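S.K.: sequence unknown, structure follows:
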Ligand code: GLY
């Protein structure tokens, strides 16, 4: 247990504002080991059960002061951007347990070229690839092939840095997009097969698989339209049963964890592997250095045991001993997350519409808030009306993760879709084929 002052139990801090951070805070709230939870900056949903210290998550001196004053024991960093900025390093210097890799270890996410090099070094199967110093050089190389290629910006690009081009015109178009046209570019072969998101807790060479999930990245039914941050997810995943998760993590994540230790940059946090099951076996499409979003929303509800103690053990670098004494078990329940989005997403999303109906959900459904905000009377809504009472409004693209649970995926899905209808806001839309 941590060194909390006041009530016994852990004082926890979650960094981030979306559905993933809601799911992390929600899992902590169910843990007997946890005394307090703060979410910075959080959203209207986390305010219902957690504190929201008024701190900019990038303001490290303010975070340090808060950690000391509130006797924080454990911090968990959610978003890729904060992880890539090295917030894990800054928080660790406060002497607390931190679930987030160092900036150097997080390079597996913030440089696609580095991730490919590491996969090659570690012998992890992945698509054939080539790195180009600029989009212009990638463009010249494309003249020599048929153009069916995956185009990746080297750096982080808020879900907009990867395009699967079916022909040369699409590939050239991608190379001209603002997110890809500046900086290094990776071109790799297109692979066909079923995709799976596999997250694992990683502490140096210790790798513990979480329940596999499948997400739905494109905005439209039938996987049509542009890529998004994720329109929904399901766990268990059809292509990777729960009882094969650890073997897959041993084969596809552990070699890279060992390679990072070998390079003197051990990883402590969550590695998320985007996998595809091809005719020739599993291949890794990409690594992320954090929980997935919307994967966290369907996998954390399936974890048994005390999530606070698990995160503390990971953050303190004693995951192996903790897992030996408390083997991680997954519940047999299925979970399906249908993301309710605001009009315009994944482009500029409409904001400031009142959200209603989260208080009338079916049994077994959790409304995990994403881009939501609590506002006071007098707030001007998107349609020009003024609010008379305090309320919750939309504040971005992925507004609400409606997570249905049940004995089967079918039950979980039916519940999630029933709840998706009950929650209302102007401009709401969602995919109708999540988990199908
Ligand atoms: N769902 C994909 C991601 O979190 O990056």
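M.R.: Thanks, I have it. Being a predicted model, the structure only gives us computed values, none of them experimental.
S.K.: are we agreed that residue 104 is in a helix?
M.R.: No - secondary structure assignment places residue 104 outside any helix; it is coil (DSSP: H, G, I helix; E, B strand; the rest coil).
S.K.: and the closest residue to the ligand within the stretch 101-250 of the chain, what's its pLDDT?
M.R.: Of all residues in the stretch 101-250 of the chain, residue 230 sits closest to the ligand, at 3.9 Å by C-beta to the nearest ligand atom. Quick note: C-beta positions are derived from backbone N, CA and C, even for glycine. Residue 230 carries a pLDDT value of 94.
S.K.: was I right about it contacting residue 216?
M.R.: Yes - with contacts counted by C-beta atoms under 8 Å, residue 230 reaches residue 216, the gap being 6.9 Å.
S.K.: tell me the contacts of residue 125?
M.R.: Residues in contact with residue 125 (C-beta atoms under 8 Å, 6 or more residues apart in numbering) are 119, 252, 281-284.
S.K.: which residues does the residue of the stretch 101-250 of the chain closest to the ligand contact?
M.R.: Under the contact definition (C-beta under 8 Å, 6+ apart), the residues listed for residue 230 are 159, 215-217, 292-295, 339, 398.
S.K.: point out the least confident one among those residues.
M.R.: Taken together, the contacts of residue 230 show their lowest pLDDT at residue 159, with 70.
S.K.: need phi/psi at that residue.
M.R.: phi 80, psi 0 (degrees, to the nearest 10).
S.K.: I'd assumed residue 398 was in contact with it.
M.R.: No - using C-beta under 8 Å, residue 159 is not in contact with residue 398, being 10.3 Å away.
S.K.: shared neighbours, the two?
M.R.: Here residue 159 and residue 398 have 228-230 as joint contacts, going by C-beta under 8 Å, 6+ apart.
S.K.: got the residues you listed as a markdown table, with distance to residue 432 columns?
M.R.: Formatted as a markdown table, the entries for the shared contacts of residue 159 and residue 398 read as follows, by distance: C-beta to C-beta, whole Å:
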| residue | distance to residue 432 |
| --- | --- |
| 228 | 15 |
| 229 | 19 |
| 230 | 16 |
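S.K.: for residue 101, helix, strand, or coil?
M.R.: Three-state secondary structure (criterion: three-state DSSP) places residue 101 in coil.
S.K.: who in the stretch 151-300 of the chain is up against the ligand?
M.R.: The stretch 151-300 of the chain comes close to the ligand at residues 215, 230, 288, 292-293, 295, as judged by C-beta under 6 Å from any ligand atom.
S.K.: helices of the stretch 301-436 of the chain, residue ranges please.
M.R.: In the stretch 301-436 of the chain, the segments counted as helices under DSSP state H, counting those that start in this stretch are 307-315, 319-325, 409-422.
S.K.: state the mean pLDDT of the last one.
M.R.: Translated: helix 409-422. The predicted model gives helix 409-422 an average pLDDT of 98.
S.K.: can you spell out which helices and strands pack onto that helix?
M.R.: In this structure, helix 409-422 packs against strand 232-235, strand 334-341, strand 365-369, strand 398-406, with contacts taken as 3 or more C-beta pairs under 8 Å, 6 or more residues apart in numbering; DSSP states H and E.
S.K.: residues in contact with it?
M.R.: Everything outside helix 409-422 that qualifies as a contact, by C-beta under 8 Å, 6+ apart, is 234, 236, 333-338, 340, 357, 360-365, 367, 402-406, 430, 432, 434-436.
S.K.: list only buried entries from the residues you listed.
M.R.: By neighbour count, with 16 or more other C-beta atoms under 10 Å, the contacts of helix 409-422 hold 234, 236, 333-338, 340, 361, 364-365, 367, 402-406, 430, 434-435 as buried.
S.K.: residues contacting the residue of the stretch 251-400 of the chain found nearest the ligand?
M.R.: Closest contact between the stretch 251-400 of the chain and the ligand, by C-beta to the nearest ligand atom, is at residue 292 (3.6 Å). Contacts here follow C-beta under 8 Å, 6+ apart; on that basis residue 292 touches 20, 197, 199, 213, 215, 230, 233, 272, 299.
S.K.: would it count as being in a strand?
M.R.: No - following the definition three-state DSSP, residue 292 is coil and is not counted among the residues of a strand.
S.K.: make sure residue 37 is actually in contact with residue 12.
M.R.: Yes - with contact defined as C-beta under 8 Å, residue 37 reaches residue 12; the gap is 5.0 Å.
S.K.: counting neighbours, go ahead and name the busier of the two.
M.R.: residue 12 (33 against 23; other C-beta atoms under 10 Å).
S.K.: the more buried one reaches residue 74, doesn't it?
M.R.: Yes - using C-beta under 8 Å, residue 12 is in contact with residue 74, at 4.8 Å.
S.K.: what's near enough to touch residue 375?
M.R.: Contacts of residue 375 by C-beta under 8 Å, 6+ apart are 387, 390-393.
S.K.: kindly report the same for residue 373.
M.R.: The contact partners of residue 373, by C-beta under 8 Å, 6+ apart, come to 43-44, 392-395.
S.K.: same question for stretch 271-289, mean pLDDT?
M.R.: For stretch 271-289, the per-residue pLDDT averages 97.
S.K.: let me fix that, I meant to ask about stretch 326-334.
M.R.: Stretch 326-334 shows an average pLDDT of 98 in the prediction.
S.K.: quickly note the distance from the residue of the chain most remote from its centre to residue 172.
M.R.: Taking C-alpha atoms, centre = their mean as the measure, the residue most remote from the mean C-alpha position of the chain is residue 144, 36.3 Å away. In this structure, residue 144 and residue 172 are 13 Å apart, going by C-beta to C-beta, to the nearest Å.
S.K.: overlap of the contact sets of residue 12 and residue 74?
M.R.: Both residue 12 and residue 74 are in contact with 308, 311, where contact means C-beta under 8 Å, 6+ apart.
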